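Q: Output the structure for:
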Amino acid sequence: MLLDLTDITKTYVIGQLEVPAVRGVSLKIDRSEYVAIMGPSGSGKSTFMNILGCLDTPTSGQYRLNNRAVETLSDDELAQIRNQEIGFVFQTFNLLPRSTAAQNVALPLLYAGQDAASRSAGAAAALESVGLTDRAHHKPNELSGGQRQRVAIARALVNEPSILLADEPTGNLDSATGREIMSIFDGLHGRGHTIIMVTHEADVAAHAQRVVRLRDGLVEYDGPSAN
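A: You can find the predicted model right below:
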């Protein structure tokens, strides 16, 4: 079992008000699964994604990632897990504007302490895997939206993480470019990557094998996608 979450809750305290965002979610995800997490605004899906990605910690419950108890880890250990175990792909790309595609992709390797030659080789291989070898030395403003998202996917892949965690990866793209990006994710899943995708779009979720739908901080549905 790659991810094993048991009775996860998250409650935000605003002044004297307690706002429950996740109300007791249990979820198991195996290696090489392709899972879409869906839900309307206020369903808790963004909070839950942050917990899955070790960007936030649960108020209560247990979360084991690769047999490590996430809720017991220090901030430094959580940062290490984010860098080594999880590749993030965001709707807004989150690329450094003054760095080339290759430099953006190599950034996680820099944080991991790899030397310049290893970083260069790793970035080149990751860019090749998303079909962007010829754009390695272009900066984000010289790339289309689809190419920027490909750079972001390459950056997420460069550390060979256990999980690819994508948050609305086609949200800033037109429909044709969105389909291209989804075909990349399909190919990555075909090569054995574990993908967890947060989306509100049914056609995007249909690419996954499994859909987990949240409502009011609870799991409303967990089963096959409608693909």
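Q: Packing partners of the helix ranked longest in the chain?
A: Ranked by number of residues, the top helix in the chain under DSSP state H is helix 175-190. Applying 3 or more C-beta pairs under 8 Å, 6 or more residues apart in numbering; DSSP states H and E, we find helix 175-190 packed against helix 145-157, strand 163-167, strand 194-198. The C-beta positions use only the backbone N, C-alpha and C, and glycine is treated the same way.
Q: tell me the SS of the nearest residue to Ser60 once chain neighbours are set aside?
A: In space, and not counting its chain neighbours, Ser60 is closest to Thr9: 4.8 Å by C-beta to C-beta, 6 or more residues apart in numbering. Under DSSP: H, G, I helix; E, B strand; the rest coil, Thr9 falls in the strand class.
Q: surely Thr9 meets Arg23?
A: Yes: using C-beta atoms under 8 Å as the test, Thr9 is close enough to Arg23 to be in contact (6.0 Å).
Q: any idea where the helices of this protein begin and end?
A: Going by DSSP H, the chain shows helices at 45-52, 75-85, 101-111, 116-129, 145-157, 175-190, 202-205.
Q: out of those helices, deepest packed?
A: The highest average neighbour count among these, using mean count of other C-beta atoms under 10 Å, belongs to helix 145-157 at a mean of 24.
Q: Restricting to C-alpha, output that helix in PDB.
A: Extracted C-alpha coordinates of helix 145-157, given in PDB (Å, rounded to 0.1, in the frame of the first residue of the first chain):
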ATOM      1  CA  GLY A 145       0.600  27.400 -21.900                       C
ATOM      2  CA  GLY A 146       0.700  23.700 -22.800                       C
ATOM      3  CA  GLN A 147       4.500  23.800 -23.000                       C
ATOM      4  CA  ARG A 148       4.800  25.500 -19.600                       C
ATOM      5  CA  GLN A 149       2.600  22.700 -18.100                       C
ATOM      6  CA  ARG A 150       4.800  20.100 -19.800                       C
ATOM      7  CA  VAL A 151       7.800  21.800 -18.100                       C
ATOM      8  CA  ALA A 152       5.900  21.600 -14.800                       C
ATOM      9  CA  ILE A 153       5.200  17.900 -15.400                       C
ATOM     10  CA  ALA A 154       8.900  17.300 -16.200                       C
ATOM     11  CA  ARG A 155       9.900  19.100 -13.000                       C
ATOM     12  CA  ALA A 156       7.500  16.900 -11.000                       C
ATOM     13  CA  LEU A 157       9.000  13.700 -12.600                       C
END
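Q: Okay, Leu27 and Gly187: tell me how far apart.
A: 25 Å (C-beta to C-beta, to the nearest Å).
Q: wait, Ile51
A: In terms of C-beta to C-beta, Ile51 sits 28 Å off from Gly187.
Q: And for Ala226?
A: For Ala226 relative to Gly187 (C-beta to C-beta), the value is 21 Å.
Q: same thing with Glu128?
A: 13 Å.
Q: go on, Glu168?
A: 20 Å.
Q: swap in Gly15?
A: 48 Å.
Q: try Pro58
A: 33 Å.
Q: before we move on, back to that, what about the residue nearest to Ser60, neighbour count?
A: Residues near Thr9, counting by other C-beta atoms under 10 Å, number 17.
Q: Spatially central residue in this structure, please.
A: Leu165 (1.5 Å; C-alpha atoms, centre = their mean).
Q: can you tell me how far that residue sits from Asp222?
A: For Leu165, the distance to Asp222 - C-beta to C-beta - is 18 Å.
Q: No further queries at this time; thank you.
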